[in-house]
Structures are given as C-alpha cells and as structure tokens.
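Asks: model the structure of this input:
(one chain, ligands or ions: 3)
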Amino acid sequence: MLLAIDCGNTNTVFSIWDGTSFLCTLRTSTHHARTADAYFTWYSTLVKHYGIDADITDVIISSTVPRVVFNLRVFADRFFGCRPLVVGKPDCLLPHAPRVDEGTQVGPDRLVNTAGAFDRHGGDLIVVDFGTATTFDVVSQDGAYIGGVIAPGVNLSLEALHMAAAALPHVDISVPQQVVGTNTVACIQSGIFWGYVGLVREICTRIKAERDRPMTVVATGGLAPLFQQSADLFDVMEEDLTMHGLTVIHKYNKDIG
Ligand SMILES: Nc1ncnc2c1ncn2[C@@H]1O[C@H](COP(=O)(O)OP(=O)(O)OP(=O)(O)O)[C@@H](O)[C@H]1O
Ligand SMILES: CC(C)(CO)[C@@H](O)C(=O)NCCC(=O)O
Ligand SMILES: [K+]
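Replies: Ligands and ions are numbered 1, 2, ... in the order given. From the prediction side, this is the model:
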C-alpha cells in the first residue's frame, strides 16, 4: 500500500491508498521540527483508531516546506523500510515536464495538482487550489504545467487584516447575506468573500482570453465548496485532487521502473 503525504505551509495530510481507494485521510499542522518518531506516534494512533490494517510498502511526499522532508524521509525509512519518492527531486519523474522559465522551482503541490487534474480531465485546465496561497495552475492541452497565478490565501488575507489593523478582530470566513456589512465582522467577511469571488472569476476569465480557448476549471482545497455555493466559479470540485495526483505520479514512476 502507498502512503501519500502532502505537506502544505499550513497543514500536512497523510492518506493511505490501497490501489483502488483511500482508506483514510489524516491531517495535522505542518511543523518542521516534528520528528520521525512523533509522526509515527500520531500516525499509528489514528490508524489504530480507524481500525485500518495498512501494510505500507511505498511512500510519496509532496512538500512546499523543504525543511520537513528530512524527518519524513527518516519516518519512511525507519517505520516502513522504504525510500520515499519526493516530488520535485530529480529521481521522481513527472508524466509531463513543466514548461516555465529556466531556474523556476514550481511548487510541488502545483505539479501534483496538475498531474491529478490532467489524469481525470485531460488538458486545457485551470486548477484552483485554496490553500495557504490561492493558486491557479494552467495545464496545456498535452498535460504540462505552463504557468499560473499565485494570490494570498483566504485565511492569510483575513489574518493580515487582523495583524495590521489594531481595531480589526480575527474573523472566520463565511458567506455573507449581504454585500454591505453593518458591523465590523460583516464588513471584513464581505470584503474577503466577495473579493475572492471576484478574484477567481477575473483571473479565470483572463486566463481563458489569454489562452484563447475553452478551459475546464477544476477547484480543490477546503474552501472551494464555500465559494461555489454563491457563485458559479468552477466546472468541477475535487477534495482529493492533490492526493489523486500523488497516486498518479507514484504509479508513473513504478510503471517506468
Ligand atoms: N467553512 C470553512 N470555514 C473555515 N475554514 C474552512 C472551512 N472549510 C474548510 N476550512 C479549512 O480549509 C482548510 C483546507 O485545507 P487545505 O488543505 O485546502 O489548505 P490548507 O491546509 O489550509 O493549506 P496548505 O495546503 O497550503 O497547508 C482547512 O484548514 C480547513 O480547516
Ligand atoms: C505557492 C505555494 C506556496 C502554494 O502552496 C507553493 O506552491 C510554493 O511554494 N510554490 C513555489 C513557487 C511556484 O510555484 O512558482
Ligand atoms: K493544499
């Protein structure tokens, strides 16, 4: 079985893939100082809790935080006796090489999203991921990542307002009933919610115009459903897109030996 690990700047997600389906998905916050032993304590407790009989033979890692990879490598080696595939490292091959400016290090999460979305939907895609950053990955007709857009994440924007303005509280994202807020919290929620609806719509419109072709918009990340509920922004929403991409890249590397 495969253990797929997706480390974002905020959260780290582990998922066990038995070749057909994901047996479970475990989430923790990302900490570079977490040791291999600490990962295993957390992992084994939850796997036991869910009653999962997992025989892990392979591990694949995508990490937007380079420092966590060392401890995850030790974790894979010590507890599963395997050398993990790490997306972005030379020995982890991608089904389609990115076409970007020389020297550009594309975020591994974006490469993984690209591979997952192309596998399910074919080419000419815009993949929107609502993570720490809100990213747009453009996938060519032949499946390559050819560039995109990076905007601040929704929670980051909310936090930035709170941090920078003495009178603005910390606020959670929600769907406002009205645009015109009649209290501070409602004003912030409106600014962020409708601001992001506009951001997503404008960027997708401009990408399609620049590419001069119809494109499918695939969304992932915990906040995608919240935005879709008030505005028709996406053609598809897939919560497991990054995890699916990891299984696609793992299979590709296995198949070519
Ligand atoms: N209705 C909601 N209101 C507020 N937060 C939500 C809601 N639904 C989901 N979330 C949050 O969205 C986040 C989704 O996680 P996701 O994996 O998409 O990105 P992330 O973990 O925040 O970022 P990264 O992958 O960059 O670490 C989770 O932290 C979850 O708590
Ligand atoms: C943009 C983030 C932070 C999104 O997780 C990540 O993909 C990243 O660190 N990217 C590196 C720069 C790039 O993708 O062009
Ligand atoms: K993510």
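Asks: put the alpha carbons of stretch 240-257 into PDB.
Replies: Listed next in PDB are the C-alpha coordinates belonging to stretch 240-257 (Å, rounded to 0.1, in the frame of the first residue of the first chain):
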ATOM      1  CA  ASP A 240      -8.900  14.700  -3.100                       C
ATOM      2  CA  LEU A 241      -7.200  16.200  -6.200                       C
ATOM      3  CA  THR A 242      -3.700  16.600  -4.600                       C
ATOM      4  CA  MET A 243      -3.900  13.000  -3.100                       C
ATOM      5  CA  HIS A 244      -5.000  11.700  -6.500                       C
ATOM      6  CA  GLY A 245      -2.100  13.500  -8.200                       C
ATOM      7  CA  LEU A 246       0.300  11.800  -5.800                       C
ATOM      8  CA  THR A 247      -1.000   8.400  -6.700                       C
ATOM      9  CA  VAL A 248      -0.700   9.200 -10.400                       C
ATOM     10  CA  ILE A 249       2.900  10.300 -10.000                       C
ATOM     11  CA  HIS A 250       3.700   7.300  -7.900                       C
ATOM     12  CA  LYS A 251       2.200   4.900 -10.500                       C
ATOM     13  CA  TYR A 252       4.100   6.700 -13.300                       C
ATOM     14  CA  ASN A 253       7.400   6.100 -11.500                       C
ATOM     15  CA  LYS A 254       6.600   2.500 -10.700                       C
ATOM     16  CA  ASP A 255       5.500   1.700 -14.300                       C
ATOM     17  CA  ILE A 256       8.700   3.100 -15.900                       C
ATOM     18  CA  GLY A 257      10.700   1.200 -13.300                       C
END
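Asks: can you give me the buried ones in it?
Replies: 240-253 (16 or more other Cβ atoms under 10 Å). From N, CA and C alone the C-beta is placed, and that goes for glycine too.
Asks: please name every helix or strand in contact with the strand or helix carrying residue 249.
Replies: Using DSSP states H and E, residue 249 sits within helix 241-255. For helix 241-255, the packing partners by 3 or more Cβ pairs under 8 Å, 6 or more residues apart in numbering; DSSP states H and E come out as strand 2-7, strand 11-17, strand 58-63, strand 85-86, helix 108-121, strand 125-130, strand 216-220.
Asks: quickly check: the lengthiest helix in the chain near ligand 1 or not.
Replies: Longest helix in the chain, counting residues (DSSP state H): helix 184-211. No: contact between helix 184-211 and ligand 1 is absent, the nearest approach being 10.7 Å (criterion: Cβ under 6 Å from any ligand atom).
Asks: that helix - what's its average pLDDT?
Replies: Averaging pLDDT along helix 184-211 gives 98.
Asks: fine by me, thanks again.
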